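Engineer: no sequence on this one, just coordinates:
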């Protein structure tokens with residue numbers, strides 16, 4: 001791919017291929033230099049910590065997983081006890097008195113079912129991953145290039161684009177498409193200044209629809225457009241986090257309403273190496289009125305993983 005930059009390396013860049021070397025597999029995580037992390041830590045003024053994650057409710061014999069927002073047709077989380085606490089406790093009491101212990105196991109397909117981060121190996125075009133790595137190395141054994149373990153922890157300055165709040169609604173309508181103009185207007189109204197290495201956090205309010213109308217939630221969804229994503233990417237961000245299911249908008253049949261040339265995952269993951277954190281929970285954060293904060297998200301170091309469940313944290 002071809003790279004175009006301004007004098008300071010941002011603004012008109014068409015992609016990040018080759019920017020950090022031909023062998024790079026971390027993408028925009030390279031922007032998280034020690035200086036950027038120290039600057040991000042400077043946003044902490046209160047010391048208050050908020051989780052931005054949806055809960056994981058898994059069970060083998062109940063409807064508990066279905067009470068959390070998710071996309072249809074995806075395997076729901078299964079959580080069960082691998083060592084039954086009651087049985088073990090009974091034996092332990094006979095041997096040691098009042099001692100109890102339990103182990104558990106979790107089976108999780110995180111894409112579309114819970115708060116997660118996409119690896120750079122999650123999507124590609126043709127036979128090539130981000131930065132020109134071969135896509136034929138992504139198979140059932142895992143991704144030997146650009147797996148989630150290459151990302152490392154995301155410690156960055158988070159900036160909240162509360163689009164729903166800017167428009168004065170509890171949640172956006174499913175027909176709303178968040179383009180560059182709407183992002184600019186939100187940034188101006190909420191006094192947001194983007195800096196290299198930031199995580200752009202976009203609130204639509206859409207998860208709140210799930211409790212009142214699950215069928216509506218699982219059909220179309222509001223989200224970013226291609227030009228909105230490109231506007232963010234050209235601000236040299238590390239990641240985009242959004243409270244909808246797929247960062248980009250979904251058509252009423254639940255599919256992305258853009259072709260390959262305007263697919264938001266291909267634009268951000270494949271071209272720019274920008275990580276996507278999907279299905280975050282932003283209601284408490286929005287209520288604080290804060291638009292800059294320390295953003296923390298540490299993916300599980302799953303070797304060859306195309307993503308990982310994650311519990312993003314905002315430190316105010």
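Structural biologist: Sure thing, it's come through. Source: prediction; values computed, not measured. Numbers count the residues shown, from 1 in each chain.

Engineer: just the strands in the stretch 151-300 of the chain please.
Structural biologist: In the stretch 151-300 of the chain, the segments counted as strands under DSSP state E, counting those that start in this stretch are 154-162, 177-178, 199-203, 223-224, 239-242, 275-278, 292-297.

Engineer: and those strands: which comes nearest residue 123?
Structural biologist: strand 275-278 (9.4 Å; CB to CB). C-beta coordinates here come from the backbone N, C-alpha and C atoms, glycine included.

Engineer: re the thing from before, of the strands of the stretch 151-300 of the chain, which is nearest residue 307?
Structural biologist: For the strands of the stretch 151-300 of the chain, the distance to residue 307 is smallest for strand 275-278, at 8.7 Å, taking CB to CB.

Engineer: who wins for proximity to residue 21 among the strands of the stretch 151-300 of the chain?
Structural biologist: strand 275-278 (18.4 Å).

Engineer: show residues contacting the closest one.
Structural biologist: With CB atoms under 8 Å, 6 or more residues apart in numbering as the test, strand 275-278 has contacts from 27-29, 111, 115-120, 122, 151, 154, 199, 238-242, 244-247, 265, 268-269, 297, 310, 312.

Engineer: picking up where we left off before, dump the strands of the stretch 151-300 of the chain to TSV, plus distance to residue 72 and mean pLDDT.
Structural biologist: TSV is the format used below for these (distance: least, CB to CB, whole Å; pLDDT from 0 to 100):
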stretch	distance to residue 72	mean pLDDT
strand 154-162	27	98
strand 177-178	22	97
strand 199-203	23	98
strand 223-224	17	96
strand 239-242	19	98
strand 275-278	16	98
strand 292-297	26	98
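
Engineer: I'd like these laid out as TSV, including mean neighbour count and distance to residue 11.
Structural biologist: Below are the strands of the stretch 151-300 of the chain laid out as TSV (neighbours: other CB atoms under 10 Å; distance: least, CB to CB, whole Å):
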stretch	mean neighbour count	distance to residue 11
strand 154-162	24	18
strand 177-178	21	21
strand 199-203	27	16
strand 223-224	29	19
strand 239-242	28	18
strand 275-278	26	21
strand 292-297	24	21
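
Engineer: so which of the ones you listed comes closest to residue 188?
Structural biologist: strand 154-162 (11.0 Å).

Engineer: measure how that closest one sits relative to strand 199-203, angle-wise.
Structural biologist: 30 degrees (axes from the mean of the first three to the mean of the last three CA atoms, to 10 degrees).

Engineer: the strands of the stretch 151-300 of the chain: which one's closest to residue 217?
Structural biologist: strand 223-224 (13.0 Å).

Engineer: and that closest one, what does it pack onto?
Structural biologist: strand 177-178, strand 239-242 (3 or more CB pairs under 8 Å, 6 or more residues apart in numbering; DSSP states H and E).

Engineer: let's see 10 Å
Structural biologist: strand 177-178, helix 180-189, strand 199-203, helix 226-233, strand 239-242 (3 or more CB pairs under 10 Å, 6 or more residues apart in numbering; DSSP states H and E).

Engineer: helices or strands up against the first one?
Structural biologist: Think strand 177-178. strand 223-224, helix 226-233.

Engineer: so which of the strands of the stretch 151-300 of the chain gets nearest residue 147?
Structural biologist: That would be strand 275-278 among the strands of the stretch 151-300 of the chain, by CB to CB, at 12.6 Å.

Engineer: and the closest one, how far out from the chain's middle?
Structural biologist: 2 Å (CA atoms, centre = their mean, to the nearest Å).

Engineer: excluding chain neighbours, what is closest to residue 48?
Structural biologist: Nearest residue to residue 48 in three dimensions, chain neighbours excluded: residue 316, at 4.4 Å (CB to CB, 6 or more residues apart in numbering).

Engineer: just give me the neighbour total for the one you found.
Structural biologist: 16 (other CB atoms under 10 Å).

Engineer: ok, it - contacts?
Structural biologist: Residues in contact with residue 316 (CB atoms under 10 Å, 6 or more residues apart in numbering) are 43-50, 285, 288, 290, 292-294.

Engineer: which among these count as buried?
Structural biologist: 43, 50, 285, 290, 292-294 (16 or more other CB atoms under 10 Å).

Engineer: ok, the spatially most central residue of the chain to residue 22 distance?
Structural biologist: Nearest to the geometric centre of the chain sits residue 277, at 0.4 Å (CA atoms, centre = their mean). Distance of residue 277 to residue 22, computed by CB to CB, to the nearest Å: 27 Å.

Engineer: could you do residue 39 as well?
Structural biologist: Taken as CB to CB, the span from residue 39 to residue 22 is 29 Å.

Engineer: the more surrounded of the two?
Structural biologist: In this view residue 39 and residue 22 are compared by other CB under 10 Å, and residue 39 has more residues nearby, 16 against 9.

Engineer: give me the beta-bridge partners of the closest residue in space to that one that isn't next to it in sequence?
Structural biologist: Of all residues not flanking residue 39 in the chain, residue 157 sits nearest, at 6.5 Å (CB to CB, 6+ apart). In this entry, residue 157 is beta-bridged to residue 294, by DSSP bridges.
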